[in-house]
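> sequence-free structure coming up:
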DNA sequence: TATGAATGAGCTTTCATTCAT
DNA sequence: GATGAATGAAAGCTCATTCAT
C-alpha cells in the first residue's frame, strides 16, 4: 500500500513541480522566480527539482508545455467538425475564445509569460503557435472562406488574417493582465459588442 | 568650451541612462537586466546611475515615463480637434495606431514591458493608461457616438468599448512581439483588412 | 566514518563560524568586519554563513550569546551558595571578577563590543545584563546586606549600588582595552589595592 | 561686511565640521559613519570636508582632539593648586569627575569612541591619556601621598593606582553608555555611596 | 574655497547548481 | 530518489575619494 502510494506519489511529482512552477513564474516572471520557491510550493527540496529537470529553463519550458496541454485538448475537441451556418459558427467560436479569456486565469498568465519571455524561448513560442494559435487560425480561415462561398458571409480581406476575429478577445485579455481589478470589464457585454461588430462587418449587404 | 561641454553632458546624462535602460530592459526584462549593463551602455559607471536614480526600480519607472513621452506628444497632437466625416476619422485614427504598431519598435517593447511587469508597477500602468489609452479611448468613443448621431455610423454596442476598434492593431503588435521575423505580417494589408471589417461593421445598413 | 565526519562537521559549523566571527568582530568592530573575513577564518564560503544565519547582525548577536555562555556557566557555578564571613566572601568574589578581567581576553573584547555597539543592539545588552551583571549585582547586594546585619560590615550606602564594588575591576579592564601592552598594570597589586580600599571602607569602625 | 561674515564663516568651518563629525561618529561609530552625513550635518558638501581634512581618519582624530579640548581646559583649571585637607580635596575631585560623567554627554560618547576604536588609533589614545587621565592620576596620587604624610589619610596601597578612586565614576559612565534610559541611576546617591566608601576606606583608623 | 558629478573598489546578500550522504 | 549543506558567481547598492569647474 505504502509502496503503491509512494509510487503514485513519485509519478505525480513532476506534475506537482510544474504546477508549483506555474504559480511562481506567473507571479514573478522567469528571472525573478527562485527555484527554491518552486520547490517549497511543491513540497520538495531544491535538489528534487534537479532530479526531474535539467535546470530552471527546462522547468519553465516543461511547465508551459504541461500547463497548455488541457487547452490543447479543449481546442481540439471544440474545433472537431461541427458544421452549421457560418455566422453561428463564428459566434460559437468567438464565445469559446472569450470563455478562455474570461475564465481561465492560467491561460491568461501563460500568455503574459509568453509575451514577456518570447525573446528567450523562441522554440517554445513556435510550439505554442503550432498547438494553439495554428489550429484556431486555420479553422477560422476555413469558416470565413466557406461562408463566403456559401454566400453567408462577405468575401472580406480579413480572410487573409482570420486571427483578427479574436482581436477583441485578446484585447480583453491584455486589459485584464494590465489593469486586473482596477478597471474591470463586463465580459458578456464585451463579447456581445465584439460579435456584433464582426458579424455586421461580415454579413453580406443587400445593396 | 569644456565648461559648457560638461554642463551639457550633465544635463543629458539622465536621458542617456534612460535610453540605455530601455535597450537593456527591452532585451532582457526587468529582473534579468543588470544595472551594470545599463551603465556600460550609457558609458558611465554603476555609481553614476545611482547618482541620478534611487535604485533599479526607479530607473525602470523613469525610463517608461521618459520613453513614452514622445508618444504622448504625438497622440496629443494627433487627437487635436480635426473634424470630418466619422468613417474617415476612424480610418485615420486606426492608421495612426497601426503606424505606431508598425514603425515604433520602442512602443512595442514598452508594451511588452508593461505586460510583463504589470503586477509590480501598478501605478506606472495607471499613469500610462491616463496618458495613452485614456485619451485614445475617449476620442474613439466620441467619434463613434457623434457618428451615430449624424447617421454616419450605426449605433453599435461597441460604443461602450471603443478600444475594441484598435483590437487588430494590438493583435498585430503582440504577434510581432511573439514571432518577430519568424512569422511576418504585411502591415498594410493587415490594416486594410481591419478597417474594412470595422467600417462594414459600423456603416449603417440600407435595409 | 565519512558520514559521521560530515554530520559532526555540520553540527560544529555554526560554532566554528561564531568563533571566527568573534575574532573578526573583536578586531575590527561590527561595521568594519566583512562577512568574507569571518567565512574565510571559519574555513567556509560566504554562502555557507548565510545558510546558518540570516544576516550579519544575526551573526553578531548569536556570537555574543554563544561566546558569553561559558561565562554564564562559570558565574552560575561560582555564585552557588557558599556561606562564610562577609569580608572573605567579598574578597573571593572580587578576586573572581579580577580573574575574568585579567585572564579572559574574550570577555574583555566582548565588553568592548557591547560598549561600542550598545546603541544598535539594545535587546542584546539587556540579555547580557540579565545573564551576567544581574546575578552578580544581586549576589553582592545580598552579601553586603547580610554582612551588615551580622555586624561584619558597615551599613554603607554602597548597598544601593553593589556594582561599585567591581568598579576597580572594570577600570582595570577598560584600561587594558585602551592601552593594552603600552601601559601595563600588575593585576595582583591592582586587586590587592582594590580589596584593601573596599574592605577598609566597609569594615565597621571600633569608634 | 559680507566679506567679513564670509571670512568668519570660513574660519568656523573646520570647527563646524568636527562638531558634526562628533554627532555622527558618536551615533554610529567610525566605520558606519558616512562622510556625507557629516558634511550634510555641517551644511557643506563632501568636497568641502576634503578641503579641510585629508580623509575620514583625519576627521576622526581631529574631532577627538577638538572635542576633548574644553575638557582639558576644565581639568587644567580645576587641578590648579587648591590646597586643603586631603579628604575634602578627594571629595571635591570625585565630585568633579562625577559631574563630567553625569552632565557631559559628549565626554561620555567620546569615551565610547575611544574604547571602540582604541585598536586603530593608538596614538590618539596616548594623546588623550597625556591630556586627560595623566594629569588627573598624577594629582590624585599627590593628594593621596601628601594626605598620608599629613596623617589625614591612611597609607593605602591604592596610592599605586590612584585611578581606582574614579572607578565608581567610570562605572557610572559605562552603565549609562550601556543601558541609557533603560536602567537609570541616581547620580547624586551614586556619588555619595562612592565617596562614602572611599573615605571610609582611606581615613586612618583610631585603633 | 567649494561644488557635485563621477569613479571604482568593495560590501552584503542572493541563488542556480552541485554532490556527498 | 531525495536531501540539504555548500559553493561561487553575480547582483544591487554604498561610499571614500577625486577632480573639472
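Nice, I can see it. Because the structure is a prediction, the values reported are computed rather than measured.

> Leaving out chain neighbours, which residue sits closest to the spatially most central residue of chain A?
Central residue of chain A (Cα atoms, centre = their mean): residue A:107, 4.4 Å from the mean position. Distance criterion Cβ to Cβ, 6 or more residues apart in numbering or on different chains; nearest residue to residue A:107, sequence neighbours excluded, is residue A:100 at 5.4 Å. Backbone N, C-alpha and C define where each C-beta goes, glycine included.

> how many neighbours does the one you found have?
When counting by other Cβ atoms under 10 Å in any protein chain shown, one arrives at 21 neighbours for residue A:100.

> That one: helix or strand, and which one exactly?
Following DSSP states H and E, one finds residue A:100 within helix A:86-103.

> If you average the pLDDT over that helix, what comes out?
The average pLDDT for helix A:86-103 rounds to 92.

> for it, packing partners?
For helix A:86-103, the packing partners by 3 or more Cβ pairs under 8 Å, 6 or more residues apart in numbering or on different chains; DSSP states H and E come out as helix A:56-79, helix A:105-117, helix A:134-149, helix A:167-179, helix A:187-202.

> Any chance of the ones you listed in JSON lines with distance to residue C:137 as columns?
Formatted as JSON lines, these follow (distance: least, Cβ to Cβ, whole Å):
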{"stretch": "helix A:56-79", "distance to residue C:137": "57"}
{"stretch": "helix A:105-117", "distance to residue C:137": "62"}
{"stretch": "helix A:134-149", "distance to residue C:137": "82"}
{"stretch": "helix A:167-179", "distance to residue C:137": "64"}
{"stretch": "helix A:187-202", "distance to residue C:137": "73"}
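
> Could you say which of those helices is packed most deeply?
helix A:167-179 (a mean of 23; mean count of other Cβ atoms under 10 Å in any protein chain shown).

> which ones are touching the residue nearest to residue A:152 when sequence neighbours are not counted?
When the adjacent residues along the chain are set aside, residue A:152 lies closest to residue A:86, with 4.2 Å between them (Cβ to Cβ, 6+ apart). Contact partners of residue A:86, counting by Cβ atoms under 8 Å, 6 or more residues apart in numbering or on different chains, are A:143, A:144, A:146, A:147, A:150, A:152, A:153.

> So residue A:36, which state does it fall into?
Put simply, residue A:36 is helix when judged by DSSP: H, G, I helix; E, B strand; the rest coil.

> And the helices and strands packed on helix A:86-103: which comes nearest residue C:60?
helix A:56-79 (33.9 Å; Cβ to Cβ).

> what angle do that closest one and helix A:134-149 make?
Orientation check (axes from the mean of the first three to the mean of the last three Cα atoms, to 10 degrees): helix A:56-79 against helix A:134-149 gives 30 degrees.

> near DNA strand E, anything from helix A:56-79?
Yes - contact of helix A:56-79 with DNA strand E (Cβ under 7 Å from any atom of the strand) involves A:56, A:57.

> from the middle of its chain, how far away would that helix be?
When distances are taken as Cα atoms, centre = their mean, to the nearest Å, helix A:56-79 is centred 8 Å away from the chain's centroid.

> Please look at the residue nearest to the centre of chain A and residue A:71 and confirm they touch.
Yes - using Cβ atoms under 8 Å, residue A:107 is in contact with residue A:71, at 5.8 Å.

> Need the pLDDT of the residue nearest to the centre of chain A.
pLDDT recorded at residue A:107 is 93.

> okay, and the common contacts of residue A:107 and residue A:71?
residue A:100.

> Roughly how far does residue A:74 sit from residue A:169?
Using Cβ to Cβ, to the nearest Å, residue A:74 is found at 15 Å from residue A:169.

> oh sorry, the question was meant for residue A:141
If you go by Cβ to Cβ, the gap between residue A:141 and residue A:169 works out to 17 Å.

> ditto for residue A:105
According to Cβ to Cβ, residue A:105 stands 15 Å off from residue A:169.

> ok, now residue A:79?
Applying Cβ to Cβ, the value for residue A:79 to residue A:169 is 16 Å.

> likewise residue A:40?
Going from residue A:40 to residue A:169 by Cβ to Cβ gives 35 Å.

> Next: residue A:43.
Remark: distance between residue A:43 and residue A:169 (Cβ to Cβ) = 36 Å.

> One more: residue A:41?
To residue A:169, residue A:41 is 30 Å away according to Cβ to Cβ.

> can you check residue A:54 too?
In terms of Cβ to Cβ, residue A:54 sits 35 Å off from residue A:169.

> ditto for residue A:97
Look at residue A:97 and residue A:169: by Cβ to Cβ, they are 4 Å apart.

> for residue A:19, same thing?
Separation of residue A:19 from residue A:169 (Cβ to Cβ): 26 Å.

> Check residue A:28 too.
In this view, residue A:28 and residue A:169 are 26 Å apart by Cβ to Cβ.

> Are there helices or strands packed against the worst-scoring helix or strand of chain A on mean pLDDT, and which ones?
Least confident helix or strand of chain A, by mean pLDDT, DSSP states H and E, is helix A:2-32 with a mean of 82. Applying 3+ Cβ pairs under 8 Å, 6+ apart, one finds that helix A:2-32 contacts helix A:35-42, helix A:46-52, helix A:56-79, helix A:105-117, helix B:2-32.
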